[in-house]
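Novice: Need coordinates for the below:
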Amino acid sequence: MKTTKIEWTDKTWNPITGCTKISAGCANCYAEVMFKRLQAMKQDKYKNGFTLTMHNDVLDEPIKWKKPHTIFVCSMSDLFHENVPFVFIDKVMETIKSTPQHNYQILTKRASRMAEYFSDKSIPENAWLGVTVDIASSKSRIDFLRNLNAPIKFLSCEPLLEDLGDMNLDGIDWVIVGGESGVRARPMKEEWVTNIKVQSEKQGSAFFFKQWGTWGSDGIKRNKKANGKLINGKVYQAMPTL
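Specialist: Residues are numbered from 1 along each chain as shown. Alright, predicted model coming up:
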């Protein structure tokens, strides 16, 4: 488990690493780029490259952290990947249940498999569940999430690649939005962001804008730090309320 620069969490825990691409947002996967760097640094955990790998040896990592943390689970993979057996996910859930001092954020692009897993299992009281919604056609994932009895249900619209149109945010507590970073980053338009912001506010979902990414609100490509995270001069980074 490591400290992270991701603004909506403070620790990451990766009992699974590696993944396969299933969505438009996967094209320039940040984790895959990071993998190459970590592999070049001879870090043993990443010796298999981006091949999906389960790590039994780190399943107890969060138990060692007594101070409460907000933990992003599988930042370098997808817990509900089709090649991860449910028996391994059971082990992850056991750790989550045994560490109630932490809140765990589980984000997936495989919403139907997450719903299948929890169809006959209880959701830990400290597990926040989320789905990625990067293009309009991926909004179908929201319905799988909406029906789950999680304490916090959230959307990650990052990288936001097009206007998502009208959204039904009933039952959704939190919406994260962000633009893509990197040399191949695709631009995000301001009106796409404000469309989600307005709908989130009207429907009672906390709105968190992470960043513009490589392309600024003015449509100019530059360093993501220079582009920042302001919308009309303000920072909008609301967190959900338990």
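Novice: For Lys210, give its distance to Ser181.
Specialist: 10 Å (CB to CB, to the nearest Å). The way it works is simple: take the backbone N, C-alpha and C, and place the C-beta from them, glycine included.
Novice: make that Ile106, sorry
Specialist: Per CB to CB, Ile106 is found 23 Å from Ser181.
Novice: again with Lys221
Specialist: With CB to CB as the criterion, Lys221 and Ser181 are 11 Å apart.
Novice: ok so, going back, between Ile106 and Ser181, which one's more packed in?
Specialist: Applying other CB atoms under 10 Å to Ile106 and Ser181 shows that Ile106 carries more neighbours, namely 25 against 21.
Novice: okay, now the domains of this protein?
Specialist: The chain breaks down into these domains under automatic domain parsing: 1-133, 152-242.
Novice: For these, which has the smallest mean pLDDT value?
Specialist: The minimum mean pLDDT among the domains of the chain belongs to domain 1-133 (a mean of 93).
Novice: Can you report how many residues lie near the closest residue to Gln39 other than its chain neighbours?
Specialist: Once flanking residues are discounted, Gln39 sits nearest to Tyr46: 4.8 Å by CB to CB, 6 or more residues apart in numbering. Other residues within reach of Tyr46, judged by other CB under 10 Å, total 22.
Novice: quick one, phi/psi of Tyr46?
Specialist: phi -110, psi 20 (degrees, to the nearest 10).
Novice: what's the answer for Asn168, then?
Specialist: phi -90, psi 110.
Novice: residues touching it, list them.
Specialist: Counting by CB atoms under 8 Å, 6 or more residues apart in numbering, Asn168 makes contact with 142, 146.
Novice: That one and Ser112: what is the separation?
Specialist: Asn168 sits at a distance of 18 Å from Ser112 (criterion: CB to CB).
Novice: so what's Gln211 up against?
Specialist: 178-179, 181, 224, 227-229.
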